[in-house]
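Undergrad: Here is a sequence with its predicted model. Questions after.
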Amino acid sequence: MKIKVGIPKGSLQEATIQLFARAGLNVFTNGRSYFASTNDCEIDCLLIRAQEMARYVEHGAIDVGITGLDWVLESGLEVATVADLYYNKQSRGRGVRWVLAVPEESAYKQPQDLSDCIVATELVNVSRTYFAEKNVPVQVEFSWGATEVKPPMLADAIVEVTETGSSLRANHLRIIDVVLESNTQVIANKSSWRDGGKRRKIENLAMMLRGAIEAQGRVGLMLNVRKQDLDSVLGVLPALKKPTIATLSDQNWVAVNTIIEEATAWEVIPRLKAANAQGIVEYPLNKVVV
């Protein structure tokens, strides 16, 4: 049972291909081609702009796509939501924000201050709905190119996507509200989602991608400890859940296996040694399926 998978072309492309590789699915691109192969003979990939992904999925050109919740809502198309993937082009995180921003020196303090103003954005439909729900009459215009440079000459405000806000600050813009919080999603064509064989492939793909995200920035720890020192060792471990504890051939000792944030290993391992843990091994993780 073969499926076609859409990978977002552009700023999220490299992060997505790397995520697929960590999940165990290597994607092979070829120069400027929009087609890509994988190491799974039942999965082919196409490179498609995130903004257009929902349309390709809804029409059935591809079975499953990776895109943002923002572009699904903007399209207004009917697709099946399979899974949320919390990653972005810079890091693992909780997604991105579409914010309403104005020039630093402007008098605008809240959305209501923008009555009868011009707002530039790429997220036109979502922005119009946002202002309509607040009963604020504005002229929302589609923005070609860099939206941050539009105020104050070409627009009074913008609705723009941001991860950290650094680009907005660099362009002397000030955030006055959050329009939408968005994250990457796995979406599927509804007919493909109803097909048992394709659905299993799609669900497995989503599970492996989530597992790769969960493993990012984490490491595994294995260690041995005398039973009399076990409580002290457990008090040091910031476990993902409860650590796995197994009895060794020597009944006075146990093996402990757990997962921690990689950034904490620098402090945790010396504390484990001080708590009389022995044979401490730190190892990398590819996937954590919870």
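TA: Great, that's in hand. Numbering: from 1, shown residues only.
Undergrad: Val119 is in contact with Leu154, isn't it?
TA: No - Val119 sits out of contact with Leu154 when judged by C-beta atoms under 8 Å, with a separation of 10.9 Å. The way it works is simple: take the backbone N, C-alpha and C, and place the C-beta from them, glycine included.
Undergrad: quick one, which of these two is more surrounded?
TA: Set Val119 next to Leu154 and count neighbours by other C-beta atoms under 10 Å: Val119 wins out with 28 against 13.
Undergrad: for the more buried one, phi and psi?
TA: With angles defined as degrees, to the nearest 10, Val119 shows backbone torsions of phi -120, psi 120.
Undergrad: Show me what it is bridged to.
TA: The residues listed as beta-bridge partners of Val119 by DSSP bridges are Val140, Ala157.
Undergrad: That one and Asp177, how far apart?
TA: When distance is defined by C-beta to C-beta, to the nearest Å, Val119 is 12 Å away from Asp177.
Undergrad: Report the set of residues contacting both of these two.
TA: Counting by C-beta atoms under 8 Å, 6 or more residues apart in numbering, the residues touching both Val119 and Asp177 are Leu100.
Undergrad: Could you export the helix or strand where Ile269 lies as CSV, CA atoms only?
TA: Counting by DSSP states H and E, the element that carries Ile269 is helix 265-274. The C-alpha coordinates for helix 265-274 follow below in CSV (Å, rounded to 0.1, in the frame of the first residue of the first chain):
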residue,chain,number,x,y,z
ALA,A,265,23.2,15.5,32.4
TRP,A,266,26.2,17.8,33.3
GLU,A,267,24.8,18.3,36.8
VAL,A,268,22.9,15.0,37.3
ILE,A,269,25.7,12.6,36.6
PRO,A,270,28.1,13.9,39.3
ARG,A,271,25.3,13.9,41.8
LEU,A,272,24.5,10.3,40.9
LYS,A,273,28.1,9.4,41.5
ALA,A,274,28.0,11.2,44.9
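Undergrad: which of the residues in the very next helix or strand once past it are buried?
TA: Toward the C-terminus, helix 265-274 is succeeded by strand 278-284 as the next helix or strand (DSSP H and E). Buried residues in strand 278-284, defined by neighbour count with 16 or more other C-beta atoms under 10 Å: Ile280.
Undergrad: same thing with stretch 260-275?
TA: So, applying 16+ other C-beta under 10 Å, buried residues of stretch 260-275: 260, 265, 268-269, 272, 275.
Undergrad: The helix or strand encompassing Leu73 packs against which elements?
TA: Assessed by DSSP H and E, Leu73 sits inside helix 69-75. Counting contacts by 3 or more C-beta pairs under 8 Å, 6 or more residues apart in numbering; DSSP states H and E, helix 69-75 packs against helix 50-59, helix 124-133, strand 173-182, strand 184-188.
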